[in-house]
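**Student:** sequence and predicted structure are below.
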Amino acid sequence: MTQQNLPTAKTGSGYERLLTPKDAATFLRLSESWLAKARMRGDGPPYVKLGRSIRYAEGALVQWLKSHQRLSTSGG
């Protein structure tokens with residue numbers, strides 16, 4: 001799927017691309033398996049479930065990444 005053909009979702013600031021778990025894993029440089037396990041644990045990036053399909057809003061992935069930034073290896 002090309003960048004232009006990705007589905008989008010309406011957000012407060014306009015339209016946002018929706019990524020499949022495979023695309024989200026590539027974007028985050030993580031495995032699809034890690035994302036699936038994180039969904040079950042509830043500690044991964046936010047996602048949307050549409051029927052049986054899982055989608056990740058690109059902006060939500062960026063926010064999730066920012067919320068996990070660290071300045072030191074000590075602490076949580």
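**Tutor:** Received the coordinates, thanks.

**Student:** ok, which stretches of this structure are strands?
**Tutor:** 8-11, 14-19, 48-50, 53-57 (DSSP state E).

**Student:** let's have those strands in CSV, adding mean neighbour count.
**Tutor:** Quick note: C-beta positions are derived from backbone N, CA and C, even for glycine. What follows is the strands of the chain, written out as CSV (neighbours: other Cβ atoms under 10 Å):
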stretch, mean neighbour count
strand 8-11, 12
strand 14-19, 16
strand 48-50, 11
strand 53-57, 18
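
**Student:** the residue lying closest to P46 once chain neighbours are set aside and G44: what is the separation?
**Tutor:** Spatial nearest neighbour of P46, chain neighbours left out: A60 (4.8 Å); criterion: Cβ to Cβ, 6 or more residues apart in numbering. To G44, A60 is 11 Å away according to Cβ to Cβ, to the nearest Å.

**Student:** next, count neighbours for Q63.
**Tutor:** Q63 has 13 neighbours, counted by other Cβ atoms under 10 Å.
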